[in-house]
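Asker: below: sequence and its predicted model.
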Amino acid sequence: MPTPVYVLGGFQTDFARNWTKEGKHIAAMIRESVEGALAATEVDPAEVEVGHVGNFAGELYSMQGHLGAFLVDVHPALSGLPTGRHEAACASGSIALLAASAEIEAGRYGLAMVTGVEQMKTVDPKTGGDYLGTAAWYELEAKGVEFPFPKLFGRLGDEYDKRYGLKDEHLARISAINYENAKKNPLAQTRTWYMSQDHACREGKYNGKIGGRIKISDCSQVTDGAVTVFLASEAVAKKHAARRGLDLAKIPRILGWGHRTAPIAFDDKVAEAAGNPYVLPHTRRAITDALGRAGLSDCWQLQGIETHDCFTTSEYMAIDHFGLTKPGESWKAVEEGVIDLGGKLPINPSGGLIGAGHPVGATGVRQMLDAHRQVTHQAGDYQVEGARRFGTLNIGGSGTTSCVFVVGT
């Protein structure tokens, strides 16, 4: 049996904030998330044994690297803490989680702190789009291209359309669901914004196309945010449970994980997937790896999913790749209400990247924290009834790095 890795909980900053307008450095974001997580979990800073930071492009957005070092500034007891920073584009947070969990499984450490962070509102949209282009093959796919990622994920929709057909009304419904769910999330970036399926279907002054078939309503947000969670060995989790009067059996664990990497260029992905019923077969493998390691036969043994909806097309992909439908039939789950908050298998009850926000390096950690909230029944108005096991899918690049977790009790 693999060594269990427990998720003790954590803290998320308000994703609606603009830290640049507040005059605050990325270090302040890290500090607030760590201090918040220590308070929320009642973890003693002196007990933390290792720190991991997930971040995509601090050197670009904030002119700051070496982010792991900022963890030790948060509390005197953290001085000397071994730390590191991990990068895999939008999957950076999940890579940090994988590294921390692997160290616990190996017996190196018993209590790991994982922080995901990105400060993105430091530059204008055009410059930010260029920075994001470095998550693709920059020279081939992004250099000189305005907003390259909407175009790349528009091509994902085009590939679905070519193979199986794709209606914009289904993408619009995905957008509307995520905005609806975000209204129930007090930390979501768009919780006060307006969006409906009718508006998302329309193209016009306030919902123009920015990349192929991708309209503004199809896009995730440019977000400042930081999230910290604590992962623990069974021995540490037992002490934690005893100190807080908790039942160890009710503390969530990482039940399964999957991690796969596809070719970085989108054309190479399409060529490699020729003849495969799944548009992104490596993403499918990451999902089936995680389900298999968790001992689950299919997605229906989950009660919900937090997935990477950087664009509506990536969530559309996730629906059939998780197995809610046969390949190419994601529209059925959309039309039948399966993915709604009250549906058979809700997707993104938090609002996802479209509704909750997408601080790139923090997203994977935020998904883990939301999975923890769900299975401990602490998700408030966006709680999925009876949640015991939750899945997450975090994607870096144009479907390049896929990281999946199954979290449950």
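Answerer: Sure, I can see it. Residues are numbered from 1 along each chain as shown.
Asker: could I get the full set of strands for this structure?
Answerer: Assignment of strands within the chain using DSSP state E yields the ranges 6-12, 50-54, 83-86, 111-118, 209-211, 214-215, 225-232, 253-261, 304-306, 389-396, 401-408.
Asker: and the fourth one, which strands flank it?
Answerer: Each strand paired with strand 111-118, and its direction, by DSSP bridges: strand 50-54 (parallel), strand 225-232 (antiparallel).
Asker: now mean pLDDT too, for the ones you listed, in JSON lines please.
Answerer: Below are the strands paired with strand 111-118 laid out as JSON lines (pLDDT from 0 to 100):
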{"stretch": "strand 50-54", "mean pLDDT": "98"}
{"stretch": "strand 225-232", "mean pLDDT": "98"}
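Asker: may I see those strands arranged in CSV, with distance to Gly380 and mean neighbour count as well?
Answerer: Where C-beta positions appear, they are placed from N, C-alpha and C, glycine not excepted. Shown next, in CSV, are those (distance: least, Cβ to Cβ, whole Å; neighbours: other Cβ atoms under 10 Å):
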stretch, distance to Gly380, mean neighbour count
strand 50-54, 25, 28
strand 225-232, 17, 29
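Asker: select, out of those, the one closest to Ala27.
Answerer: strand 225-232 (10.2 Å; Cβ to Cβ).
Asker: next, the angle from the closest one to strand 6-12.
Answerer: Strand 225-232 runs at 160 degrees relative to strand 6-12, counting by axes from the mean of the first three to the mean of the last three Cα atoms, to 10 degrees.
Asker: quick one, strand 225-232 and strand 253-261 angle?
Answerer: Angle, strand 225-232 to strand 253-261, by the same axes, to 10 degrees: 120 degrees.
Asker: please export the C-alpha coordinates of strand 225-232 as CSV.
Answerer: What follows is strand 225-232, C-alpha atoms only, in CSV (Å, rounded to 0.1, in the frame of the first residue of the first chain):
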residue,chain,number,x,y,z
GLY,A,225,-4.0,35.3,-6.1
ALA,A,226,-2.1,33.0,-3.6
VAL,A,227,-3.2,29.8,-2.0
THR,A,228,-1.4,27.7,0.7
VAL,A,229,-2.2,24.1,1.8
PHE,A,230,-0.5,21.7,4.1
LEU,A,231,0.2,18.1,3.2
ALA,A,232,1.1,15.6,6.0
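Asker: report the rounded mean pLDDT for stretch 235-253.
Answerer: Average pLDDT, stretch 235-253: 96.
Asker: hmm, who's touching it?
Answerer: For stretch 235-253, the external contacting residues (Cβ atoms under 8 Å, 6 or more residues apart in numbering) are 4-8, 41-43, 47, 110-111, 232, 371-372, 375-376, 407-409.
Asker: list the buried residues of that stretch.
Answerer: Val236, Ala237, His240, Ala241, Ile251, Pro252, Arg253 (16 or more other Cβ atoms under 10 Å).
Asker: end to end on it, go ahead and measure it.
Answerer: 13 Å (Cα to Cα, to the nearest Å).
Asker: now do stretch 250-268
Answerer: End to end - Cα to Cα - stretch 250-268 spans 44 Å.
Asker: what of stretch 184-197?
Answerer: 18 Å.
Asker: can you point out the buried residues in it?
Answerer: So, applying 16+ other Cβ under 10 Å, buried residues of stretch 184-197: Lys184, Asn185, Leu187, Ala188, Gln189, Thr190, Arg191, Met195, Gln197.
Asker: same check on stretch 393-405?
Answerer: By 16+ other Cβ under 10 Å, the buried positions in stretch 393-405 come out as 393-405.
Asker: what about that stretch, average pLDDT?
Answerer: pLDDT averaged over stretch 393-405 gives 98.
Asker: just stretch 307-327 next, same as before
Answerer: 98.
Asker: repeat for stretch 175-194
Answerer: On average, stretch 175-194 scores 97.
Asker: ok now it, how far from the chain's centre?
Answerer: Relative to its chain's centre, stretch 175-194 lies at 16 Å (Cα atoms, centre = their mean, to the nearest Å).
Asker: what is the end-to-end distance of that stretch?
Answerer: End-to-end distance for stretch 175-194, by Cα to Cα: 11 Å.
Asker: closest one to Glu180 among the strands of the chain?
Answerer: Comparison of the strands of the chain against Glu180 by Cβ to Cβ identifies strand 304-306 as nearest, at 15.1 Å.
Asker: quick one: the helices in the stretch 101-250 of the chain?
Answerer: Secondary structure of the stretch 101-250 of the chain (DSSP state H, counting those that start in this stretch): helices at 125-132, 148-164, 168-182, 197-201, 234-244.
Asker: check those helices for me and report the most buried one.
Answerer: Compared across these, helix 168-182 shows the largest average neighbour count, a mean of 24 (mean count of other Cβ atoms under 10 Å).
Asker: got the angle for that helix vs helix 148-164?
Answerer: Calculated by the same axes, to 10 degrees, helix 168-182 forms an angle of 130 degrees with helix 148-164.
Asker: low-confidence regions, the stretch 1-150 of the chain specifically.
Answerer: 1 (pLDDT under 70).
Asker: hang on, the earlier thing: make CSV from the strands of the chain and add distance to Gly292 to it.
Answerer: Formatted as CSV, the strands of the chain follow (distance: least, Cβ to Cβ, whole Å):
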stretch, distance to Gly292
strand 6-12, 20
strand 50-54, 25
strand 83-86, 24
strand 111-118, 24
strand 209-211, 35
strand 214-215, 33
strand 225-232, 21
strand 253-261, 7
strand 304-306, 16
strand 389-396, 12
strand 401-408, 10
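Asker: quick one: stretch 17-29 to chain centroid distance?
Answerer: On Cα atoms, centre = their mean, the centre of stretch 17-29 falls 21 Å from that of its chain.
Asker: meant to ask about stretch 328-344, not that
Answerer: Distance of stretch 328-344 from its chain centroid, counting by Cα atoms, centre = their mean, is 20 Å.
Asker: now do it: distance from first to last residue.
Answerer: OK, stretch 328-344 end separation, Cα to Cα: 19 Å.
Asker: again, but for stretch 340-352
Answerer: Start-to-end, stretch 340-352 (Cα to Cα) is 12 Å.
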